[in-house]
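A.B. asks: Build me a model from this:
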Amino acid sequence: MMHIVLLGDSIFDNAAYTKGGPDVISQVRQLLPVGCRATLLAADGAITEDVFPQLKRIPSDASNLVLSVGGNDVLKNSGILYAPADCVAKAVEALAEASRRFEEKYRLAVAACRQVPVPLTLCTIYNGCFPDADFQRMATTVAAVFNDVILRVGFEFGLAMIDLRFVCSSIADYANPIEPSSLGGAKIARSIVNLVSAGGTGNVGARVVIV
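C.D. replies: Purely as a prediction, here's the structure:
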(Lines give C-alpha, C1' and ligand atoms only; values in the text may rest on other atoms or scores of the structure.)
Protein backbone atom coordinates (compact mmCIF):
# COMPACT_ATOMS: atom_id res chain seq x y z
CA MET A 1 0.00 0.00 0.00
CA MET A 2 1.29 3.45 -0.91
CA HIS A 3 2.73 5.51 1.96
CA ILE A 4 4.34 8.76 0.82
CA VAL A 5 6.73 10.53 3.21
CA LEU A 6 7.48 14.22 2.73
CA LEU A 7 10.92 15.42 3.83
CA GLY A 8 12.51 18.85 3.88
CA ASP A 9 11.20 22.32 4.66
CA SER A 10 8.13 24.59 4.54
CA ILE A 11 7.45 23.84 0.90
CA PHE A 12 5.67 20.85 2.42
CA ASP A 13 5.18 22.11 5.99
CA ASN A 14 3.18 25.18 4.98
CA ALA A 15 0.19 25.04 7.36
CA ALA A 16 1.30 28.25 9.09
CA TYR A 17 0.90 30.20 5.85
CA THR A 18 -2.39 29.02 4.35
CA LYS A 19 -4.72 31.21 6.47
CA GLY A 20 -6.82 28.23 7.45
CA GLY A 21 -6.81 26.64 4.01
CA PRO A 22 -5.56 23.11 3.43
CA ASP A 23 -1.81 22.59 3.57
CA VAL A 24 0.28 20.35 1.32
CA ILE A 25 0.10 17.20 3.45
CA SER A 26 -3.67 17.38 3.83
CA GLN A 27 -4.05 17.88 0.08
CA VAL A 28 -1.77 14.93 -0.66
CA ARG A 29 -3.92 12.80 1.62
CA GLN A 30 -7.11 13.95 -0.10
CA LEU A 31 -5.73 12.91 -3.48
CA LEU A 32 -4.52 9.47 -2.44
CA PRO A 33 -6.63 6.36 -3.06
CA VAL A 34 -8.48 4.88 -0.10
CA GLY A 35 -6.12 2.95 2.16
CA CYS A 36 -3.01 4.89 1.15
CA ARG A 37 -1.17 7.18 3.56
CA ALA A 38 1.06 10.24 3.66
CA THR A 39 3.34 11.39 6.48
CA LEU A 40 4.82 14.85 6.97
CA LEU A 41 8.34 14.91 8.40
CA ALA A 42 9.38 18.15 6.67
CA ALA A 43 9.67 21.13 9.01
CA ASP A 44 9.29 24.84 8.44
CA GLY A 45 12.70 26.51 8.45
CA ALA A 46 14.68 23.33 7.79
CA ILE A 47 17.98 23.48 5.93
CA THR A 48 19.81 20.63 4.24
CA GLU A 49 21.42 19.32 7.45
CA ASP A 50 17.99 19.01 9.08
CA VAL A 51 17.03 16.18 6.74
CA PHE A 52 19.10 13.69 8.76
CA PRO A 53 16.99 13.77 11.96
CA GLN A 54 13.86 13.61 9.80
CA LEU A 55 15.11 10.37 8.28
CA LYS A 56 15.34 8.80 11.71
CA ARG A 57 11.55 9.05 11.94
CA ILE A 58 10.76 7.32 8.64
CA PRO A 59 7.81 4.93 9.12
CA SER A 60 8.67 1.29 8.54
CA ASP A 61 5.99 0.95 5.86
CA ALA A 62 7.09 3.98 3.80
CA SER A 63 6.79 3.32 0.07
CA ASN A 64 8.05 6.62 -1.38
CA LEU A 65 10.17 9.54 -0.16
CA VAL A 66 9.84 13.06 -1.56
CA LEU A 67 12.52 15.62 -0.65
CA SER A 68 12.17 19.39 -1.00
CA VAL A 69 15.03 21.25 0.65
CA GLY A 70 17.46 23.99 -0.28
CA GLY A 71 15.33 27.13 -0.30
CA ASN A 72 16.46 28.11 3.18
CA ASP A 73 20.04 27.38 2.18
CA VAL A 74 19.56 29.93 -0.62
CA LEU A 75 18.17 32.45 1.85
CA LYS A 76 21.19 31.96 4.10
CA ASN A 77 23.34 32.98 1.14
CA SER A 78 21.18 35.90 0.01
CA GLY A 79 23.79 38.32 1.37
CA ILE A 80 25.81 37.52 -1.74
CA LEU A 81 23.39 39.69 -3.69
CA TYR A 82 24.50 42.81 -1.85
CA ALA A 83 28.07 41.93 -0.93
CA PRO A 84 30.59 44.47 -2.27
CA ALA A 85 32.63 43.24 -5.21
CA ASP A 86 35.02 45.26 -7.31
CA CYS A 87 34.57 43.05 -10.35
CA VAL A 88 32.10 40.54 -11.77
CA ALA A 89 34.59 37.71 -11.35
CA LYS A 90 34.61 38.09 -7.57
CA ALA A 91 30.83 38.08 -7.39
CA VAL A 92 30.67 34.93 -9.51
CA GLU A 93 33.37 33.34 -7.37
CA ALA A 94 31.36 34.00 -4.21
CA LEU A 95 28.25 32.44 -5.77
CA ALA A 96 30.26 29.46 -6.98
CA GLU A 97 31.65 28.89 -3.49
CA ALA A 98 28.15 29.01 -1.98
CA SER A 99 27.01 26.49 -4.59
CA ARG A 100 29.96 24.23 -3.80
CA ARG A 101 29.16 24.22 -0.08
CA PHE A 102 25.50 23.52 -0.81
CA GLU A 103 26.40 20.64 -3.12
CA GLU A 104 28.49 18.97 -0.42
CA LYS A 105 25.61 19.12 2.05
CA TYR A 106 22.91 18.26 -0.48
CA ARG A 107 24.78 15.19 -1.72
CA LEU A 108 25.09 13.92 1.85
CA ALA A 109 21.37 14.43 2.44
CA VAL A 110 20.42 12.62 -0.78
CA ALA A 111 22.85 9.80 0.00
CA ALA A 112 21.19 9.37 3.39
CA CYS A 113 17.74 9.32 1.77
CA ARG A 114 18.91 6.68 -0.69
CA GLN A 115 19.79 4.40 2.19
CA VAL A 116 16.06 3.94 2.71
CA PRO A 117 15.12 1.15 0.24
CA VAL A 118 12.20 2.95 -1.42
CA PRO A 119 11.99 5.31 -4.44
CA LEU A 120 13.15 8.88 -3.84
CA THR A 121 11.85 11.99 -5.62
CA LEU A 122 13.67 15.33 -5.50
CA CYS A 123 12.12 18.79 -5.81
CA THR A 124 13.87 21.85 -7.15
CA ILE A 125 13.74 25.24 -5.44
CA TYR A 126 11.07 27.51 -6.85
CA ASN A 127 11.76 31.14 -7.73
CA GLY A 128 9.58 32.74 -5.07
CA CYS A 129 7.39 35.78 -5.60
CA PHE A 130 9.17 38.95 -4.48
CA PRO A 131 7.48 42.34 -4.92
CA ASP A 132 10.68 44.04 -6.04
CA ALA A 133 11.35 43.10 -9.67
CA ASP A 134 15.10 43.67 -9.45
CA PHE A 135 15.41 41.47 -6.38
CA GLN A 136 13.22 38.82 -8.04
CA ARG A 137 15.59 38.65 -11.00
CA MET A 138 18.60 38.27 -8.72
CA ALA A 139 16.88 35.68 -6.51
CA THR A 140 15.88 33.67 -9.58
CA THR A 141 19.48 33.68 -10.78
CA VAL A 142 20.81 32.50 -7.42
CA ALA A 143 18.12 29.80 -7.23
CA ALA A 144 19.12 28.60 -10.69
CA VAL A 145 22.68 28.00 -9.50
CA PHE A 146 21.46 25.95 -6.54
CA ASN A 147 18.94 24.14 -8.73
CA ASP A 148 21.77 23.09 -11.01
CA VAL A 149 23.11 21.13 -8.04
CA ILE A 150 19.76 19.45 -7.40
CA LEU A 151 19.23 18.53 -11.04
CA ARG A 152 22.75 17.22 -11.53
CA VAL A 153 22.48 15.04 -8.42
CA GLY A 154 19.10 13.77 -9.59
CA PHE A 155 20.39 12.93 -13.06
CA GLU A 156 23.49 11.29 -11.64
CA PHE A 157 21.47 8.89 -9.52
CA GLY A 158 18.62 8.40 -11.98
CA LEU A 159 15.99 9.94 -9.71
CA ALA A 160 12.58 11.40 -10.46
CA MET A 161 12.46 15.17 -9.97
CA ILE A 162 9.66 17.72 -9.71
CA ASP A 163 10.65 21.17 -10.98
CA LEU A 164 8.71 23.46 -8.65
CA ARG A 165 9.61 26.50 -10.75
CA PHE A 166 6.96 25.36 -13.22
CA VAL A 167 4.52 24.02 -10.63
CA CYS A 168 4.32 27.28 -8.66
CA SER A 169 4.43 29.83 -11.44
CA SER A 170 1.78 32.43 -10.55
CA ILE A 171 1.36 35.04 -7.82
CA ALA A 172 -1.59 33.12 -6.34
CA ASP A 173 0.67 30.13 -5.69
CA TYR A 174 2.46 32.07 -2.95
CA ALA A 175 1.25 33.06 0.51
CA ASN A 176 4.22 35.41 0.81
CA PRO A 177 7.44 35.81 -1.18
CA ILE A 178 8.82 32.42 -0.14
CA GLU A 179 5.99 30.16 1.11
CA PRO A 180 3.38 28.26 -0.90
CA SER A 181 -0.25 29.24 -0.51
CA SER A 182 -3.04 26.72 -0.27
CA LEU A 183 -3.44 27.00 -4.05
CA GLY A 184 0.27 26.50 -4.65
CA GLY A 185 0.23 23.63 -2.17
CA ALA A 186 -2.58 22.00 -4.14
CA LYS A 187 -0.43 22.09 -7.26
CA ILE A 188 2.53 20.63 -5.38
CA ALA A 189 0.36 17.89 -3.88
CA ARG A 190 -1.08 17.02 -7.29
CA SER A 191 2.38 16.76 -8.84
CA ILE A 192 3.54 14.43 -6.08
CA VAL A 193 0.53 12.14 -6.17
CA ASN A 194 0.38 12.01 -9.96
CA LEU A 195 4.05 11.12 -10.21
CA VAL A 196 3.99 8.47 -7.50
CA SER A 197 0.65 6.98 -8.60
CA ALA A 198 1.86 6.68 -12.19
CA GLY A 199 4.89 4.72 -11.07
CA GLY A 200 7.22 7.46 -12.27
CA THR A 201 9.53 7.18 -9.26
CA GLY A 202 10.74 3.63 -9.80
CA ASN A 203 13.72 2.33 -11.73
CA VAL A 204 12.94 4.21 -14.95
CA GLY A 205 15.96 6.51 -14.97
CA ALA A 206 16.12 10.22 -14.34
CA ARG A 207 12.90 12.09 -15.08
CA VAL A 208 11.87 15.73 -14.56
CA VAL A 209 8.19 16.55 -14.06
CA ILE A 210 7.02 20.16 -14.40
CA VAL A 211 3.27 19.89 -13.73
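A.B. asks: Would you mind identifying the next helix or strand past the host helix or strand of Val153?
C.D. replies: For Val153, the host element (DSSP states H and E) is helix 133-156. For helix 133-156, the succeeding helix or strand toward the C-terminus, using DSSP H and E, is strand 160-162.
A.B. asks: Give me the contact list for that following strand.
C.D. replies: 66, 119-124, 150-151, 154, 188, 191-192, 195, 200-201, 204, 206-210 (CB atoms under 8 Å, 6 or more residues apart in numbering). The way it works is simple: take the backbone N, C-alpha and C, and place the C-beta from them, glycine included.
A.B. asks: redo that, cut-off 6 Å
C.D. replies: Thr121, Leu122, Cys123, Gly154, Ser191, Gly200, Thr201, Arg207, Val208, Val209 (CB atoms under 6 Å, 6 or more residues apart in numbering).
A.B. asks: Looking at those, spot the one nearest Cys36.
C.D. replies: Thr201 (14.1 Å; CB to CB).
A.B. asks: And the helix or strand bottoming out on mean pLDDT in the chain, what does it pack against?
C.D. replies: None of the helices or strands of the chain scores lower by mean pLDDT, DSSP states H and E than strand 207-209, at a mean of 82. Where contact means 3 or more CB pairs under 6 Å, 6 or more residues apart in numbering; DSSP states H and E, strand 207-209 is packed against strand 160-162.
A.B. asks: Buried residues, the helix or strand harbouring Phe102. List them.
C.D. replies: Following DSSP H and E, one finds Phe102 within helix 88-114. By neighbour count with 16 or more other CB atoms under 10 Å, helix 88-114 contains the buried residues Ala94, Leu95, Ala98, Ser99, Phe102, Glu103, Lys105, Tyr106, Arg107, Ala109, Val110, Cys113.
A.B. asks: Let me know whether the fourth one touches Ala144 as I believe.
C.D. replies: It stands for Ser99. No: using CB atoms under 6 Å as the test, Ser99 is too far from Ala144 to be in contact (10.1 Å).
A.B. asks: what lines up beside the least confident helix or strand of the chain in the sheet?
C.D. replies: Note on strand 207-209: by DSSP bridges, its sheet partners are strand 160-162 (parallel).
A.B. asks: Next SSE downstream of the strand it pairs with?
C.D. replies: That would be, after strand 160-162 and using DSSP H and E, helix 164-167.
A.B. asks: For that following helix, give the mean pLDDT please.
C.D. replies: Here helix 164-167 scores 96 as its mean pLDDT.
A.B. asks: what does stretch 93-109 give?
C.D. replies: Stretch 93-109 comes out at a mean pLDDT of 93.
A.B. asks: Residue numbering should commence at 51 henceforth.
C.D. replies: Yes, from this point I'll number from 51; that puts the last item at stretch 143-159.
A.B. asks: what about Thr89, which SS state?
C.D. replies: strand (DSSP: H, G, I helix; E, B strand; the rest coil).
A.B. asks: for it, which residues make a bridge with it?
C.D. replies: For Thr89, the beta-bridge partners are Val55 (DSSP bridges).
A.B. asks: just to revisit the earlier point, can you list the buried residues in the least confident helix or strand of the chain?
C.D. replies: Result for strand 257-259 [16+ other CB under 10 Å]: buried residues Arg257, Val259.
A.B. asks: OK, contacts around the residue nearest the centre of the chain?
C.D. replies: Centrality entry for the chain: nearest residue to the mean C-alpha point is Ser118, 2.4 Å, by CA atoms, centre = their mean. Neighbouring residues of Ser118 by CB under 6 Å, 6+ apart: Gly58, Ile61, Phe62, Cys173.
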